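K.L.:
The following block contains a protein sequence and its predicted model.
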Amino acid sequence: MTDLGTIRQEIDEIDRGIVEAFEKRMDLCRQVAEVKIGTGKAVLDRGREREKLETLAALASDEFNAHGVTELFSQIMAMSRKLQYRILTEHGKLAGEEFVRTEGLPSPEHCVAYQGVEGAYSHAAACRFFGEKAAVKAYPKWADVMQAVASGEADYGVLPLANSSAGMVNDVYDLLIEYRNYIVGEVELKVEHALLGLPGATLPDIQEVYSHPQGLMQCAHYLDRHPDWNRHSVSNTALSAKKVLEDGKIFQAAIASRLAGELYGLQVLESPVNDSDKNTTRFIVVCRKNLCRTDAGKVSICFEVPHESGSLYNILSHFIYNNINMNKIESRPIPEKKWQYRFFVDFDGNLADAGVQNALTGIRQEAAMLRILGNY
Ligand SMILES: C=C(O[C@@H]1C=C(C(=O)O)C=C[C@H]1O)C(=O)O
């Protein structure tokens, strides 16, 4: 039997040959990129790649190797495309060039829009980001906030995007696609809910509890310990406090902030009532203008992929290859395309970074849709 060392020597020899062949191939791909820049032809040519994979797999002696050859050449061609995207980027074919770079965000001229009523968590987030003196304006719905920003009625809007215990705020993700506003900032707010009742009410009086669905979700374990309480959704936590005051019923309680309790003259029956003491909501600041701070360190994008095996993997490979740290991925259904999804990804970086540009150039060409939602 041949010893391991001898076999490995032979493998090493073959590998050297593969590297040599790979480098020759990549040199040719460089030339392909130059031709494509000249002609404006897209880097990805699915037809050509499909044909190549079929031809090469047919050269293999058995099915196992045919599968291996398909895998191997899919990767080689993906690498060839990544080299071409880099060359395209070097030639100034930049993804994200539509953004206007700014040192700091301009102060609001008109107002900052938030959803709910005074005392809402979004109100607190707006004050935290823009300062207590900023002119803020409440709107009934998240869509109204987006619309006010899109129309220029408000300079900025502040919307909750995710909560550390209840997860993503689906509707706000969908609104980011529906409206063409940009994310220009973010602010995190520790959320501490209180159970609020009318002055004089006590815990045993309570039968009906009102809050925003997110508030109810964030206090689900607490509410489970009171199975006889009926839970009701309203459009905002602060509004639930306002409602309890206006209805004047001793058996009603709201789940909202202490501040909302003070504003609407309610008393704290119990606090905190959120299940996690780390309960934090991440709010985004949106703007009609595509502003991007020069020191921005996070990029948010949304993309759709073709409905075929491996397509998400392909898109994500652009982050890995360009050494980009991805810190969040979420998906939302595309209503017009049954069982198909659009993905929302946050990653570290600035649109001016070469790696970010390479990745976005690749994703722009290979995804069915790409939107850069913001760099902040
Ligand atoms: C090199 C090319 O660009 C891409 C990469 C390919 C490859 O590496 O073989 C094939 C098709 C394109 O998707 C080309 O168009 O020939």
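P.N.:
Ah, there it is. Residues are numbered from 1 along each chain as shown.
K.L.:
secondary structure element for the residue nearest to residue 87 when sequence neighbours are not counted?
P.N.:
Spatially, and ignoring its direct neighbours in sequence, residue 87 is nearest to residue 33 (4.1 Å; Cβ to Cβ, 6 or more residues apart in numbering). No exception for glycine: its C-beta is placed from N, CA and C like everyone else's. Residue 33 is part of helix 4-39, with elements assigned from DSSP states H and E.
K.L.:
what's the average pLDDT for that helix?
P.N.:
Helix 4-39 shows a mean pLDDT of 97.
K.L.:
Does stretch 296-313 reach the ligand?
P.N.:
No: contact of stretch 296-313 with the ligand (Cβ under 6 Å from any ligand atom) is absent, the minimum separation being 13.9 Å.
K.L.:
Could you give the separation between the terminal residues of that stretch?
P.N.:
27 Å (Cα to Cα, to the nearest Å).
K.L.:
Now do the contacts for the residue of the chain found nearest the ligand.
P.N.:
With Cβ to the nearest ligand atom, the shortest gap between the chain and the ligand falls at residue 80, namely 3.3 Å. Residue 80 sits next to 25, 26, 29, 32 when contact means Cβ atoms under 8 Å, 6 or more residues apart in numbering.
K.L.:
and if we set it to 6 Å?
P.N.:
Applying Cβ atoms under 6 Å, 6 or more residues apart in numbering to residue 80 gives the contacts residue 29.
K.L.:
Wait, a helix at it?
P.N.:
Yes: according to DSSP: H, G, I helix; E, B strand; the rest coil, residue 80 belongs to a helix.
K.L.:
Need the pLDDT of it.
P.N.:
Predicted confidence (pLDDT) for residue 80: 97.
K.L.:
From residue 299, how far off is it?
P.N.:
Between residue 80 and residue 299 the distance, using Cβ to Cβ, to the nearest Å, works out to 25 Å.
K.L.:
re earlier: I'd like to know which elements the helix holding residue 33 is packed against.
P.N.:
helix 63-90 (3 or more Cβ pairs under 6 Å, 6 or more residues apart in numbering; DSSP states H and E).
K.L.:
quick check: angle from the helix it packs on to helix 4-39?
P.N.:
40 degrees (axes from the mean of the first three to the mean of the last three Cα atoms, to 10 degrees).
K.L.:
so where's the stretch 1-150 of the chain uncertain?
P.N.:
The stretch 1-150 of the chain contains residues with pLDDT under 70 at 93-96.
K.L.:
Around the ligand, pick out the residues from it.
P.N.:
Counting by Cβ under 6 Å from any ligand atom, the positions of the stretch 1-150 of the chain adjacent to the ligand are 29, 32, 43, 44, 45, 48, 49, 52, 77, 80, 81.
K.L.:
Can you show me the strands along the stretch 201-350 of the chain?
P.N.:
208-211, 230-233, 252-256, 267-270, 280-287, 291-293, 298-304, 326-333, 341-348 (DSSP state E, counting those that start in this stretch).
K.L.:
for these, which one ends up most surrounded?
P.N.:
Comparing the strands of the stretch 201-350 of the chain by mean neighbour count (mean count of other Cβ atoms under 10 Å), strand 252-256 comes out on top with a mean of 29.
K.L.:
I would like the residues contacting that strand, please.
P.N.:
With Cβ under 6 Å, 6+ apart, strand 252-256 has contacts from 193, 195-197, 206, 208-211, 215, 219, 237-238, 240-241, 244.
K.L.:
From those residues, pick the one nearest residue 329.
P.N.:
When the contacts of strand 252-256 are compared for distance to residue 329 (Cβ to Cβ), residue 215 wins out at 25.9 Å.
K.L.:
Count the residues that sit near the closest one.
P.N.:
27 (other Cβ atoms under 10 Å).
K.L.:
just checking, it touches residue 237?
P.N.:
Yes: using Cβ atoms under 6 Å, residue 215 is in contact with residue 237, at 4.8 Å.
K.L.:
how close does residue 102 get to residue 2?
P.N.:
Taken as Cβ to Cβ, the span from residue 102 to residue 2 is 67 Å.
K.L.:
Between those two, which is the more surrounded one?
P.N.:
residue 102 (14 against 7).
K.L.:
where does the nearest residue to that one once chain neighbours are set aside land on pLDDT?
P.N.:
Nearest residue to residue 102 in three dimensions, chain neighbours excluded: residue 291, at 5.1 Å (Cβ to Cβ, 6+ apart). With respect to pLDDT, residue 291 has a value of 96.
K.L.:
looking at it, residue 182 is touching residue 374, isn't it?
P.N.:
Yes: using Cβ under 6 Å, residue 182 is in contact with residue 374, at 4.6 Å.
K.L.:
Find residues that contact each of these two.
P.N.:
Contacts common to residue 182 and residue 374, judged by Cβ under 6 Å, 6+ apart, are absent.
K.L.:
which of the contacts of strand 252-256 sit farthest apart?
P.N.:
Between any two of the contacts of strand 252-256 (Cβ to Cβ), the greatest distance is 18.9 Å, for 206 and 238.
K.L.:
Between those two, point out the one with more neighbours.
P.N.:
residue 238 (29 against 20).
K.L.:
Now do the contacts for the more buried one.
P.N.:
116, 117, 119, 120, 256, 260.
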